[in-house]
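I would like to see how this sequence folds:
(2 chains)
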Amino acid sequence: MKPLDLFVEGIGLWSPQFADFAALRARLNGDAPVAPAAPTAALLPANERRRAPESVRLAVEVAGQALAMSGRDPATLACVFASAHGDQAITDAICSTLARAPAELSPTRFHHSVHNAPAGYWTIATGCRAPSSAVCAGARSFAAALLEASAQALAEQRPVLLACSDIAGHGPLLEMTGCDRPFGCALLLAPEAGATTLARLRLELPADHASSTPPPATLADAAVGNPAAAALPLLALLAGAGGRCRLELATALDLLIAVEPAA
Amino acid sequence: MTTPMRPLAVSACTVSSALGSGLQTQHDALRHGRGGLRPNDFGSAPRLGWVGRVNGVETTALPPALAGWDCRNNRLAWLGLQQDGFLDRVHAARTRYGARRVALLLGTSTASIGATEEAYRRLDADGRFPADLRRPALHAPDSLSAFAAAALALEGPCLTVSTACSSSAKVFASAARLIELDLADAAVVGGVDSLCDNVLFGFNALELISPAACRPFDAARDGISIGEAAGFALLERIDAAPRAPRLLGYGEASDAWHMSSPHPEGHGAELALDAALARAGIGAAQVGYVNLHGTASRQNDAMEAALLARRFPATTRASSTKGFTGHTLGAAGIVEATIALQAIEHGFVPGNLGAATPDPACGPQFAWQNETRRVDVALSNSFGFGGNNACLVFGRSP
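Sure, this is the predicted structure:
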């Protein structure tokens, strides 16, 4: 394969440690952490924001941050939303209801339970009629979604918004998911360099298989308890001087990413 | 602007649904107008509507090496993989290209949530999952692809697309992009969805389930019948299978309208159609058969009938086959892709089972009864919650 070259125009981030990508950069520069407020998901109209489940608000928050950085028009922007577990809180609630009184299942909760609820809310809120998708690949969800979004950006020569997020689970399901804290991130990827380019990414599928790159030690506390946090090694390179990281993509297959910040 | 794509060979495919297991069984059922729906005999009371249930799922056993993956959805996937020599074709592709060069892209809406539901019904005294269901990989939305990767010993890019009822159509698009960029030499695509309480009671709560067998495009249609199915296809470059039918184009779009009802004028569906035709490099007049999404919900069918009437000539034939299979949700895209491929292979357009009194809004394109005619190009429409639309174009090899 030829390496895939593409360009980052926006970066979104929200976790209990980081309100946005600037907060990650500040932490890497040694600043004391500031606990962020809950994700605001400002792109959602106020009534939708109230109705939207937490998984949607987190995904829309990070997607909105990346979009704002890029200055792109969301109405024509393809998007890929990834989540390893979907909305664990809704799954827990639905399965509890089904076990107790199945006929009482809430229709709103049911349509919020689809894996593409964040994509649906996003496209409705932004008037987006471009392709939208919702994907998952367990612990490899971020890497697999990055490849999916990058392939779409390059094969179709269009910018693509990638958001990867999981909320904290609770209830009996939590023991299975092991995902006990929220984390979300987003990248606005473009096939060509432009005025808002932040960095160039070069993606390769190397012939060998090795351990994923660990995050910098200063991010170790943020890199656990959520599959979407697998993005942190890449986010750290984007926040710093660039470099290379390796993320597990599939059984015995890695994604090797070289990051070169824009001058 | 969407530009034409390089076509891909659909070098193998298979399907298992309420019509039975394997392509020949499906074709026979369609040919004889023999639908697979029956009064709901699945899951918890009360009995909701009719279902398209696959016979033999309960008695299908996973091989010992895969026993940890056992659940209804993975059994159905395994049953589906045994048909039409599909496993042999995947093994041959793996040998030819290498395990890391065969991508695996599957669609599902609920994956194995049936197993999670069961765990919640049988929580132990401490409120934990029962010991036999403490298998984390089963209780995740990517369980289907993870199981299939293990079952097929594939090591290429692996992804689950879960965009509700367009899921297993969109995987064809993802596969086309990976092969185009040389990230893979072949891709196994498809999807599986199995009956579970979540969808039966969920669609019931949305008042979308018909009390009887669904009647797509009937004037008095009153909702969907939920089905289950497994289907798979192998996509390769044309030089690997020059005589195989082809994926000529795909289109994807969003409605930007509503979480659980389609845009009333079908804007998103039409954008997906336009993109699919543009990638195939053809006009609507060249389309011989359209397998419609046709769920038998009032809104979907009204939107889709209007789209068909305004975009296709009277010579194009169209039908929904959900009266045969029920709405197999995340598996609907692959099931109906195999029907579109069979229309090309057999020169046969399946009739729109279930519509006794066709909706007057339906145009002359509708095939209410079976028709025998050459089909060179066939389309399949798939639309999902969240306003997610996909359209696939298949064609005969020249």
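
so where do the strands sit in chain A?
A:4-14, A:78-82, A:132-136, A:160-166, A:183-190, A:199-204, A:243-250, A:253-261 (DSSP state E).

what ranges do the helices span in the chain?
Just going to use chain A. Under the criterion DSSP state H, chain A contains helices at A:21-28, A:46-51, A:54-70, A:88-100, A:107-112, A:117-126, A:141-155, A:174-177, A:232-239.

The chain in question should be chain B.
Going by DSSP H, chain B shows helices at B:23-31, B:72-81, B:86-97, B:113-121, B:143-152, B:167-180, B:197-205, B:267-280, B:298-311, B:322-325, B:332-346.

Can you tell me what sits against the fifth one?
Yep, that's helix B:143-152 we're talking about. By CB atoms under 8 Å, 6 or more residues apart in numbering or on different chains, the residues outside helix B:143-152 that reach it are A:137-138, A:250-251, B:66, B:69, B:71, B:73-74, B:77-78, B:81, B:87, B:90, B:94, B:104-106, B:108, B:111-112, B:137, B:140, B:154-155, B:158-160, B:188, B:191-192. In this view, the C-beta of every residue, glycine as well, is placed from N, C-alpha and C.

Show the pLDDT at residue 131.
Assuming you mean chain A. At A:Pro131, the pLDDT value in this model is 98.

other chain: chain B
pLDDT, read off for B:Ala131, is 98.

same question, B:Ala45
58.

returning to that earlier point: please identify which of the helices of chain A is closest to chain B.
Between chain B and the helices of chain A, the shortest gap by CB to the nearest CB is with helix A:117-126, which sits at 2.6 Å.

Next, the angle strand A:160-166 makes with the closest one.
Here the directions of helix A:117-126 and strand A:160-166 differ by 130 degrees (axes from the mean of the first three to the mean of the last three CA atoms, to 10 degrees).

And the contacts of helix A:117-126?
Under CB under 8 Å, 6+ apart, the answer for helix A:117-126 is A:43-45, A:48, A:52-53, A:55-56, A:59-60, A:63, A:74-75, A:77, A:79, A:81, A:83, A:87, A:111, A:114, A:128-130, A:132-134, A:163, A:165, B:163, B:254-259, B:385-388.

The residues you listed, buried ones only, as a ChimeraX selection?
ChimeraX command restricting the contacts of helix A:117-126 to the buried ones, with burial defined by 16 or more other CB atoms under 10 Å in any protein chain shown:
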select /A:43,44,48,52,53,55,56,59,60,63,74,77,79,81,83,87,111,114,128,129,130,132,133,134,163,165 /B:163,254,255,256,257,258,259,385,386,387,388
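
check contacts around the residue of chain B found nearest chain A.
Nearest residue of chain B to chain A: B:Gly386, at 2.6 Å (CB to the nearest CB). Counting by CB under 8 Å, 6+ apart, B:Gly386 touches A:114, A:116-117, A:119-121, A:123, A:132, A:134, B:163-164, B:254, B:259.

And for B:His263?
B:255-257, B:269, B:303, B:387.

Give me every residue in the stretch 251-398 of chain B lying close to chain A.
B:252-260, B:267-268, B:271, B:384-388 (CB under 8 Å from any CB of the partner chain).

mind listing which of those are in strands?
B:252-254, B:384, B:388.

The most centrally placed residue in chain A and B:Leu273: what is the separation?
The residue lying closest to the centre of chain A (CA atoms, centre = their mean) is A:Cys164, at 1.8 Å. As for A:Cys164, its distance to B:Leu273 is 30 Å (criterion: CB to CB, to the nearest Å).

Between the two ends of stretch B:284-302, how far is it?
20 Å (CA to CA, to the nearest Å).

whoops, I mixed them up, stretch A:162-171
End-to-end distance for stretch A:162-171: 29 Å, by CA to CA.

Please work out the average pLDDT along stretch B:221-235.
In the prediction, stretch B:221-235 has an average pLDDT of 98.

quick check, that stretch touching chain A?
No: Stretch B:221-235 does not reach chain A (CB under 8 Å from any CB); its nearest approach is 12.7 Å.

Alpha carbons of that stretch, as PDB, please.
Provided in PDB are the C-alpha atoms of stretch B:221-235 (Å, rounded to 0.1, in the frame of the first residue of the first chain):
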ATOM      1  CA  ARG B 221     -50.300  -1.100   5.400                       C
ATOM      2  CA  ASP B 222     -50.000  -0.600   9.100                       C
ATOM      3  CA  GLY B 223     -46.500  -1.300  10.200                       C
ATOM      4  CA  ILE B 224     -43.500  -3.600  10.000                       C
ATOM      5  CA  SER B 225     -42.800  -7.200  10.800                       C
ATOM      6  CA  ILE B 226     -39.400  -7.800  12.300                       C
ATOM      7  CA  GLY B 227     -37.200 -10.500  10.900                       C
ATOM      8  CA  GLU B 228     -33.700 -11.900  11.500                       C
ATOM      9  CA  ALA B 229     -31.100 -12.800   9.000                       C
ATOM     10  CA  ALA B 230     -27.400 -13.300   8.200                       C
ATOM     11  CA  GLY B 231     -25.800 -12.500   4.900                       C
ATOM     12  CA  PHE B 232     -22.300 -12.200   3.600                       C
ATOM     13  CA  ALA B 233     -20.500 -11.300   0.400                       C
ATOM     14  CA  LEU B 234     -16.900 -11.300  -0.800                       C
ATOM     15  CA  LEU B 235     -15.700  -8.300  -2.700                       C
END
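
That one: which residues count as buried?
Residues of stretch B:221-235 classed as buried by neighbour count (16+ other CB under 10 Å): B:221-235.

Can you flag which of those residues belong to strands?
Those of the buried residues of stretch B:221-235 lying in strands (DSSP E): B:226-227, B:229-235.

Got the confidence number for the residue nearest to B:Gly268 when sequence neighbours are not counted?
Spatial nearest neighbour of B:Gly268, chain neighbours left out: B:Asp255 (3.6 Å); criterion: CB to CB, 6 or more residues apart in numbering or on different chains. pLDDT recorded at B:Asp255 is 97.

residues in contact with B:Asp255?
A:123-124, A:129, B:262-263, B:267-269, B:387-389.

from the helices of chain B, which stretch is densest packed?
Greatest average neighbour count among these goes to helix B:322-325 (a mean of 31), per mean count of other CB atoms under 10 Å in any protein chain shown.

on that earlier part again, quickly list what the nearest residue to the residue nearest to the centre of chain A once chain neighbours are set aside is bridged to.
Leaving out its chain neighbours, the residue that sits closest to A:Cys164 by CB to CB, 6+ apart is A:Ala82, at 4.2 Å. A:Ala82 has these beta-bridge partners by DSSP bridges: A:Val135, A:Cys164.

How about B:Gly384: what's its closest non-neighbour residue?
B:Ala164 (3.4 Å).

my read: the one you found touches B:Thr108, true?
No: using CB atoms under 8 Å, B:Ala164 is not in contact with B:Thr108; the gap is 9.9 Å.

so what sits against both of those two?
B:Gly330.

Point out where chain B drops to low pLDDT.
Within chain B, the segments meeting pLDDT under 70 span B:45-46.

repeat that with 80
B:1, B:43-47 (pLDDT under 80).

Quick one: neighbours of the nearest residue to B:Pro7 once chain neighbours are set aside, just the number.
Distance criterion CB to CB, 6+ apart; nearest residue to B:Pro7, sequence neighbours excluded, is B:Arg246 at 4.3 Å. B:Arg246: 25 surrounding residues under other CB atoms under 10 Å in any protein chain shown.

show me the contacts for B:Arg246.
B:7-10, B:238, B:394-397 are the contacts of B:Arg246 under CB under 8 Å, 6+ apart.
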